[in-house]
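Asks: from the sequence below, what's the structure:
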Amino acid sequence: MKLFPKIFFLLLLLFAVNAYSQVENVPLDHPVYNFLKEMKVKNIVPYISEDIPNLSRFQVKAYLQQVEKKLSELSNTEKDLFERYKAEFYEILDPDITTYFFHPEKDFSTSLTEAFSNKVKYFYAYKEESANVYIEMLGHYSYGAQFKPSINNAHLFDIGFRFHGTLFDHLGYDLSFIKGGAAGSRQVAELLEPRLLQNFKWIENSENIGNYDYTEGYIKYHTEPINNMHLSIQLGKEHKTVGYGYGGKLILSGNTPPLDFIQFDFNYGITHFTSIHGSTVGDYSPERDKRYTKFWAFNRFELSFKNLFDVGIGESMVYSGRGLELAYLTPVGFYKFIENSIQDRDNGNLYFDLQTSFIPNLEFQATFLLDENILSNLQNLQSYKNKTAYQVGLFWYEAFTLNNLSYILEYTKIRPYVYTHFNIQNTYSAWGTSLGHPIGPNADEIFTRLAYNFTDWVRFTLDYHFIRRGENIYDEDGNLIKNVGGDINLTHGTKPENTEALFLDGIRIDNNIFQLGLRIEPIKDFIFDIIYDFNNEKNISEGTTFNLSYGEIKFTLNY
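Replies: Numbering: from 1, shown residues only. The predicted structure is shown next:
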């Protein structure tokens with residue numbers, strides 16, 4: 001008799017009444033996320049799960065339906081944006097608004113002509129009541145020119161496909177792959193596409209042309225066993241971010257290659273819980289036996305109070321040097337105590353965050369991160385054990401009473417040695433790049449952004465970063481003279497020579513970074529990005545200045 005309730009529960013999960021036509025996620029670089037964010041700050045949409053923002057297509061549709069109920073409160077540009085996304089995410093495959101090759105009601109020449117229309121485009125689409133598939137052709141071409149400190153240029157070009165859809169109303173799937181190459185300066189190519197620095201084929205550089213490849217793929221099962229209780233489990237590889245942050249996130253910034261992971265989500269009422277267990281790699285080494293796998297385990301619990309605020313607590317653990325640690329697989333447990341039970345070998349973080357929604361058009365967010373067990377050292381702000389970071393920011397929509405204009409202001413401070421670990425293989429990084437905020441330890445940043453939607457197909461952005469860093473001190477031969485906690489790959493060790501860690505100690509570097517962006521989509525799924533970037537770097541300690549500037553024109557095809 002004890003077995004019957006378990007079987008009944010499993011059947012309930014597998015054959016839940018509610019069905020979802022599109023369970024697969026919307027890629028994080030899709031502009032619908034910008035639109036939903038602005039609608040959330042405007043209090044049109046009450047909640048969008050921004051802390052772990054990968055949304056299923058059916059969730060985006062549900063949010064758009066909430067927007068549709070309040071169209072009278074939207075500007076003309078916002079209404080046009082809504083109609084654009086409605087055509088894409090309501091998934092009705094109406095031939096009047098959708099086109100794809102091999103359409104049963106159209107000949108090939110008609111489909112080819114419609115490729116240059118404003119219809120929603122797929123390379124191929126097929127939809128039935130309980131199964132569907134959408135195939136999209138992906139392509140990019142970038143031309144970039146560096147102006148300072150020297151003149152140079154590079155071309156990047158790639159092509160690929162994305163397959164996505166849902167089976168049996170509950171099982172979403174997604175597979176994408178891109179293969180590309182580059183011509184011209186490798187240094188400029190890495191400016192245009194920083195992900196190249198974490199791409200094996202690019203770093204290995206063993207072929208006669210610089211080339212790269214990206215792939216993602218996963219399956220995701222979603223069910224609703226009772227009304228408004230959402231359960232999902234996902235297995236695979238996908239670009240992902242975690243935590244709040246407008247210019248960068250302290251928890252998982254998304255600047256590294258996608259993790260391979262298994263994820264469990266539970267949402268019911270005001271409660272939201274996520275558990276992720278992922279794997280990645282350490283720094284690249286030309287020697288195969290020095291390459292290794294590291295794991296990232298993560299739990300987060302959040303309470304969301306409608307039109308007031310969302311408050312959450314999360315924890316993560318980085319470990320390596322052994323296989324999958326079963327102790328961290330459980331979604332129910334406190335990682336720090338679990339780590340102590342397995343002899344304190346790993347790199348753990350704990351964080352708290354808050355995001356408000358009680359003032360229409362104005363949102364505040366804050367995150368406080370504790371790296372390792374430093375509760376007994378919080379009062380000593382100069383101790384090397386005080387590995388803390390915090391971030392505060394605001395998002396003002398319809399800023400200065402102008403429709404379609406958003407303004408962001410954010411401050412981030414990361415104390416020395418944050419993200420480091422006494423075991424270099426357990427640093428909070430992948431491919432040598434921080435999993436967390438890109439400024440790294442012993443640094444702070446003021447970030448501001450203006451964004452304006454001229455129309456539903458033209459968006460302008462202006463970003464400014466002021467970054468201060470304290471870097472470690474080396475002699476002329478490269479020998480370390482003083483470790484100030486400014487290098488994520490260099491810990492303070494178990495017995496540090498200096499127990500003090502002064503913020504911004506060491507070689508002081510200041511960066512003023514300006515970036516102009518213009519995104520133009522004159523034809524649906526034919527996207528042009530025009531970018532100009534200027535970075536003025538001052539070495540305050542040595543009295544030197546370095547300027548870097550470049551421009552880029554990028555064409556993206558999502559057909």
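
Asks: from here on, just use CA atoms for contacts and neighbour counts.
Replies: Fine.

Asks: just confirm His272 is within a helix.
Replies: No. Counting by DSSP: H, G, I helix; E, B strand; the rest coil, His272 falls outside a helix, being strand.

Asks: could you give the bridge partners of the nearest residue to it once chain neighbours are set aside?
Replies: Of all residues not flanking His272 in the chain, Glu302 sits nearest, at 5.1 Å (C-alpha to C-alpha, 6 or more residues apart in numbering). Counting by DSSP bridges, Glu302 is bridged to His272, Gly312.

Asks: I figured Glu302 hits Phe309, correct?
Replies: No. Between Glu302 and Phe309 there is no contact under C-alpha atoms under 8 Å: 10.6 Å.

Asks: pLDDT value on the residue nearest to His272, please?
Replies: Here, the pLDDT recorded for Glu302 equals 97.

Asks: again with Asn558
Replies: 89.

Asks: tell me the contacts of it?
Replies: Asn558 is in contact with Lys121, Glu136, Met137, Leu138, Gly139, Asp525, Phe526, counting by C-alpha atoms under 8 Å, 6 or more residues apart in numbering.

Asks: looking at those residues, which are in strands?
Replies: Among the contacts of Asn558, DSSP state E puts Lys121, Glu136, Met137, Leu138, Gly139, Phe526 in strands.

Asks: show me what the strand or helix carrying Gly160 is packed against.
Replies: Using DSSP states H and E, Gly160 sits within strand 152-167. Helices and strands touching strand 152-167, by 3 or more C-alpha pairs under 8 Å, 6 or more residues apart in numbering; DSSP states H and E, are strand 132-148, strand 171-184, helix 186-192.

Asks: now do it and strand 132-148, the angle between them.
Replies: Put simply, strand 152-167 runs at 160 degrees to strand 132-148, going by axes from the mean of the first three to the mean of the last three C-alpha atoms, to 10 degrees.

Asks: out of the contacts of Asn558, which is most surrounded?
Replies: Greatest neighbour count in the contacts of Asn558, by other C-alpha atoms under 10 Å, goes to Lys121: 27 neighbours.

Asks: correct me if wrong: that residue contacts Tyr559.
Replies: Yes. Here Lys121 reaches Tyr559: they are 5.4 Å apart, a contact under C-alpha under 8 Å.

Asks: what's next to stretch 104-122, contact-wise?
Replies: With C-alpha under 8 Å, 6+ apart as the criterion, stretch 104-122 contacts 87-88, 96-103, 134-137, 523-525, 558-559.

Asks: which residue packs closest to Ser176, ignoring adjacent ones?
Replies: Leaving aside its sequence neighbours, Ser176 sits nearest to Arg162 (C-alpha to C-alpha, 6+ apart; 4.1 Å).

Asks: who touches stretch 30-42?
Replies: With contact meaning C-alpha under 8 Å, 6+ apart, stretch 30-42 is reached by 45-48, 63, 67, 81, 85, 357, 360-363, 395-397, 406.

Asks: report the buried residues of it.
Replies: Using 16 or more other C-alpha atoms under 10 Å as the test for burial, stretch 30-42 gives Val32, Tyr33, Phe35, Leu36, Lys37, Glu38, Met39, Lys40, Val41, Lys42.

Asks: could you look up the SS state of the fifth one?
Replies: At Lys37 the chain is in helix, as set by three-state DSSP.

Asks: with distance to Arg469 and pLDDT added, can I get the contacts of Asn558 in JSON lines?
Replies: Below are the contacts of Asn558 laid out as JSON lines (distance: C-alpha to C-alpha, whole Å; pLDDT from 0 to 100):
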{"residue": "Lys121", "distance to Arg469": "46", "pLDDT": "89"}
{"residue": "Glu136", "distance to Arg469": "43", "pLDDT": "95"}
{"residue": "Met137", "distance to Arg469": "42", "pLDDT": "95"}
{"residue": "Leu138", "distance to Arg469": "38", "pLDDT": "96"}
{"residue": "Gly139", "distance to Arg469": "37", "pLDDT": "96"}
{"residue": "Asp525", "distance to Arg469": "40", "pLDDT": "92"}
{"residue": "Phe526", "distance to Arg469": "39", "pLDDT": "94"}
